[in-house]
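Peer 1: below is the sequence, then the predicted model.
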Amino acid sequence: MKLNIIYYLFDPRLICHNSKIGNKNTKFKYLWNLILLLSLVACSDNEQSTVSIDEFEKLNKIEQAQLNLEVPSLSAWGKVSEIKMAVGDNVELQAILKNKNGDAIANKSLSITSSNGNFFTENNLFTDNKGKTTSLLLATVVGKDKITVFNHSLGVSASLAIIVNDPKFKSPLILGETPGFVSWNNLAKVRLKNDTPQFTPQITSLNNKQIKIQGFLIPIAAKHFILSAKAPTSFFSLPTGAENIIDVYTTKNVNISLKPIIVIGTLEVLKEDEQGYFYRIKNAEVIE
């Protein structure tokens, strides 16, 4: 394209095409054509903008970004895809943005939303030098919800499912009389006398015996959780009193589950416990 422009502007027929133009006008017209040539070359769409190799590699890495959404308080349990909350609960959420090589992407904006309209302390987030940013989620709307954090320009997003329950809802004692399992109804017969638990002979006979019991998991640490007779309304509060929960320590890491699990281990009947538990199982095995 440029060669054609040059040939055209310096074509003698263009400069002297009019026989009436004198010699002094020829130089002026030549100068005008030269200025026009330079202007056209400068504005030509054939000019390529340049990007350094470093900048290109940086852009390529960002285009293949990875985004995760985590619950720091449950990090010991690995990747958590769904959590239970009750209205009024709050939990910190953390978004982590990295490139394809696992390097942090800093100073990038992220947005976080709730499908049901649950509340965040911050909706517009910016990653720090570790590629991380946080927001506090406050449960305000009952029902199933989906929390999503995203960046449209990078084409990345991550989601977390939550179930928000009404704390006034009282779940029934749905687990108990199952053949081969210890009965929650029997464990609930403990009574307090002068702040000291009084157990029935049937309960004391289970002390230091291996038992099998079914219940719902409330997470504490990777090898430590509360087993409840009642389905919890929240991972962050107990659904019942000490008579319907067991403090459980396992030998292996356990995955968070919303469904009932089976625990096998040695039961300790606690007459005095600083934490207020009546029952504890150690060296437990979990069957989901």
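Peer 2: Thanks, I have it.
Peer 1: where in the stretch 151-288 of the chain is pLDDT low?
Peer 2: 170-177 (pLDDT under 70).
Peer 1: burial count for residue 241?
Peer 2: 11 (other Cβ atoms under 10 Å). (Each C-beta comes from the backbone N, C-alpha and C, glycine too.)
Peer 1: where's it relative to residue 71, distance?
Peer 2: 26 Å (Cβ to Cβ, to the nearest Å).
Peer 1: same check, this time on residue 193
Peer 2: Separation of residue 193 from residue 71 (Cβ to Cβ): 41 Å.
Peer 1: neighbour count winner among those two?
Peer 2: residue 71 (20 against 7).
Peer 1: mind listing the helices for the protein?
Peer 2: Ranges of helices within the chain are 2-9, 12-15, 23-43, 53-63, 184-187, 201-204, based on DSSP state H.
Peer 1: flag every buried residue along stretch 233-249.
Peer 2: Using 16 or more other Cβ atoms under 10 Å as the test for burial, stretch 233-249 gives 233-236, 239-240, 242-248.
Peer 1: which strand runs longest in the protein?
Peer 2: Counting residues, the longest strand found in the chain (DSSP state E) is strand 209-221.
Peer 1: for that one, packing partners?
Peer 2: Under the contact criterion of 3 or more Cβ pairs under 8 Å, 6 or more residues apart in numbering; DSSP states H and E, strand 209-221 touches strand 224-228, strand 245-250, strand 261-269.
Peer 1: hang on, the earlier thing: closest to residue 65 among the buried residues of stretch 233-249?
Peer 2: Each of the buried residues of stretch 233-249 was checked against residue 65 using Cβ to Cβ; the closest is residue 235, at 29.4 Å.
Peer 1: next one: that closest one from residue 264, what distance?
Peer 2: Relative to residue 264, and taking Cβ to Cβ, residue 235 is found at 23 Å.
Peer 1: what about residue 199, neighbour count?
Peer 2: By the criterion of other Cβ under 10 Å, residue 199 has 20 neighbours.
Peer 1: isn't it right up against residue 269?
Peer 2: Yes - counting by Cβ atoms under 8 Å, residue 199 touches residue 269, with 5.9 Å between them.
Peer 1: got any residues that touch both of the two?
Peer 2: Residues touching both residue 199 and residue 269 (Cβ atoms under 8 Å, 6 or more residues apart in numbering): residue 278.
Peer 1: which residue is the nearest non-sequential neighbour of the residue nearest in space to the middle of the chain?
Peer 2: In the chain, the C-alpha nearest the mean C-alpha coordinate belongs to residue 69, at 1.6 Å (Cα atoms, centre = their mean). Closest residue to residue 69 apart from its sequence neighbours, by Cβ to Cβ, 6 or more residues apart in numbering: residue 158 at 4.0 Å.
Peer 1: what's the neighbour count on that neighbour?
Peer 2: For residue 158, using other Cβ under 10 Å, the count is 18.
Peer 1: contacting residues for it?
Peer 2: Contacts for residue 158 (Cβ under 8 Å, 6+ apart) come out as 67, 68, 69, 95, 148, 149, 150.
Peer 1: and for residue 189?
Peer 2: Contacts of residue 189 by Cβ under 8 Å, 6+ apart are 199, 200, 202, 203, 243.
Peer 1: go with 10 Å
Peer 2: 183, 198, 199, 200, 202, 203, 243 (Cβ atoms under 10 Å, 6 or more residues apart in numbering).
Peer 1: now swap in residue 159 and tell me
Peer 2: Listed by Cβ under 10 Å, 6+ apart, the contact partners of residue 159 are 67, 69, 81, 113, 115, 146, 147, 148, 149, 150.
Peer 1: gap between it and residue 279?
Peer 2: With distances taken as Cβ to Cβ, residue 159 is found 37 Å from residue 279.
Peer 1: then residue 221?
Peer 2: Remark: distance between residue 221 and residue 279 (Cβ to Cβ) = 18 Å.
Peer 1: cool, and residue 271?
Peer 2: Distance, residue 271 to residue 279, by Cβ to Cβ: 11 Å.
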